[in-house]
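Student: no sequence on hand, only this structure:
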Ligand SMILES: [Zn+2]
């Protein structure tokens with residue numbers, strides 16, 4: 001069975017690709033339609049464990065020019081014994097040894113007129129990708145300003161530092177991140193675990209406006225110096241490690257990231273950051289771009 005021997009998907013979204021021609025390696029009925037994998041794809045799938053950046057929108061086109069809109073783009077995992085799991089049903093973490101991971105393109109139609117081995121064109125919606133990428137890059141810039149503004153709140157030495165040398169509050173306290181078109185919402189925990197790690201929440205709700213002002217000032221200052229934004233990747237496998245890289249305030253910074261991004265800071269546009277504490281244990285940061 002050719003379906004059993006297909007290899008992990010080669011991805012190109014991290015290099016900014018919106019269009020690829022590739023061969024179908026897997027196709028099966030799924031959710032009232034079908035799901036298929038290809039050797040390579042420009043589509044960014046929604047992550048099944050940390051779904052911060054939503055899936056790309058777009059379509060597939062067969063050799064006769066017929067188009068199939070994608071209703072979803074997800075992860076697929078194949079176990080060492082050949083069982084295939086889709087999205088949240090995948091029972092192991094990304095990169096589990098012995099497993100292969102694929103981008104699953106979901107189409108809500110029942111009779112695909114192509115099969116394993118056929119060539120298709122995969123086309124990502126440019127305008128949606130562009131707005132998601134700007135929001136995702138903006139959220140990363142915000143996180144360094146947040147770490148800097150919160151650095152004076154640490155009462156104990158922290159070993160997890162960001163690329164600018166500040167305690168990495170963003171990485172330590174992150175609970176949820178949700179990227180949308182031109183905006184991103186990040187939720188951080190402030191409760192007992194954080195206090196145990198040495199983070200002081202004393203007077204934070206009174207200082208929240210001051211932190212917000214400082215974060216916006218830092219972001220504004222850093223964004224005035226344009227710099228390239230790149231993704232460092234050793235390999236192009238779906239679950240290969242990838243790192244977001246840029247220069248902020250003259251300092252080269254880098255963080256792990258599986259999403260898509262602009263290629264220069266100036267492409268993000270203006271960034272506006274808002275902080276709020278719905279309760280004593282929670283901080284919500286909204287990052288908007290325009
Ligand atoms: Zn990211």
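Tutor: Received, thanks. Remember, predicted model here, so these are calculated numbers, not experimental data.

Student: can you tell me the residue of the protein closest to the ion?
Tutor: residue 257 (3.2 Å; CB to the ion). Where you see a C-beta, it was placed from the backbone N, CA and C, and this is true even at glycine.

Student: may I ask which helix or strand encompasses the residue nearest to that residue when sequence neighbours are not counted?
Tutor: Spatially, and ignoring its direct neighbours in sequence, residue 257 is nearest to residue 244 (3.9 Å; CB to CB, 6 or more residues apart in numbering). Element membership of residue 244, judged by DSSP states H and E, is strand 242-248.

Student: hmm, who's touching that strand?
Tutor: Residues outside strand 242-248 that contact it (CB atoms under 8 Å, 6 or more residues apart in numbering) are 14, 137, 140-141, 144, 164, 222, 225, 227-233, 252-259, 261, 265.

Student: could you find the closest non-adjacent residue to residue 215?
Tutor: Take residue 215 and drop its neighbours on the chain: the residue closest to it by CB to CB, 6+ apart is residue 145, 4.4 Å away.

Student: tell me which residue is most central in the protein.
Tutor: The chain has residue 259 as the residue nearest its centroid, 3.2 Å off, counting by CA atoms, centre = their mean.

Student: which of the three states applies to that residue?
Tutor: Of the three states, residue 259 takes coil under DSSP: H, G, I helix; E, B strand; the rest coil.

Student: average pLDDT across the lengthiest strand in the chain?
Tutor: Under DSSP state E, the strand in the chain containing the largest number of residues is strand 19-30. What strand 19-30 shows for mean pLDDT is 96.

Student: just stretch 83-91 next, same as before
Tutor: Throughout stretch 83-91, pLDDT has a mean value of 97.

Student: list the buried residues in it.
Tutor: Neighbour counts over stretch 83-91 (16 or more other CB atoms under 10 Å) mark 84, 85, 86, 87, 90 as buried.

Student: can you list these in CSV and add distance to residue 271?
Tutor: CSV is the format used below for the buried residues of stretch 83-91 (distance: CB to CB, whole Å):
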residue, distance to residue 271
84, 41
85, 38
86, 36
87, 31
90, 34
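
Student: which members of the residues you listed occur in strands, if any?
Tutor: Using DSSP E, the buried residues of stretch 83-91 in strands are 84, 85, 86.

Student: quick check: the first one vs residue 48, distance?
Tutor: Put plainly, it is residue 84. In this view, residue 84 and residue 48 are 13 Å apart by CB to CB, to the nearest Å.

Student: equivalent analysis for residue 172, please.
Tutor: Separation of residue 172 from residue 48 (CB to CB): 23 Å.

Student: same check, this time on residue 28
Tutor: 18 Å.

Student: same question, residue 13
Tutor: Plainly put, residue 13 is 16 Å away from residue 48 if you go by CB to CB.

Student: residue 136 now?
Tutor: From residue 136 to residue 48 the distance is 18 Å (CB to CB).

Student: related to what we said a few turns ago, residue 13 and residue 48: which is more packed in?
Tutor: Each of residue 13 and residue 48 has its neighbours counted (other CB atoms under 10 Å); residue 13 has more, 27 against 19.

Student: residues contacting the more buried one?
Tutor: Contacts were defined as CB under 8 Å, 6+ apart; by that measure residue 13 touches 41, 42, 43, 44, 56, 124, 129, 260.

Student: any of these buried? List them.
Tutor: Neighbour-count burial (16+ other CB under 10 Å) is assigned, among the contacts of residue 13, to 41, 42, 43, 44, 56, 124, 129, 260.

Student: which residues sit against stretch 194-207?
Tutor: 150, 153-158, 169, 172-173, 190, 211, 277, 280, 283.

Student: helices of the protein, start to end?
Tutor: Applying DSSP state H to the chain gives helices spanning 126-150, 169-173, 192-196, 204-223.

Student: many thanks, I have nothing further to ask.
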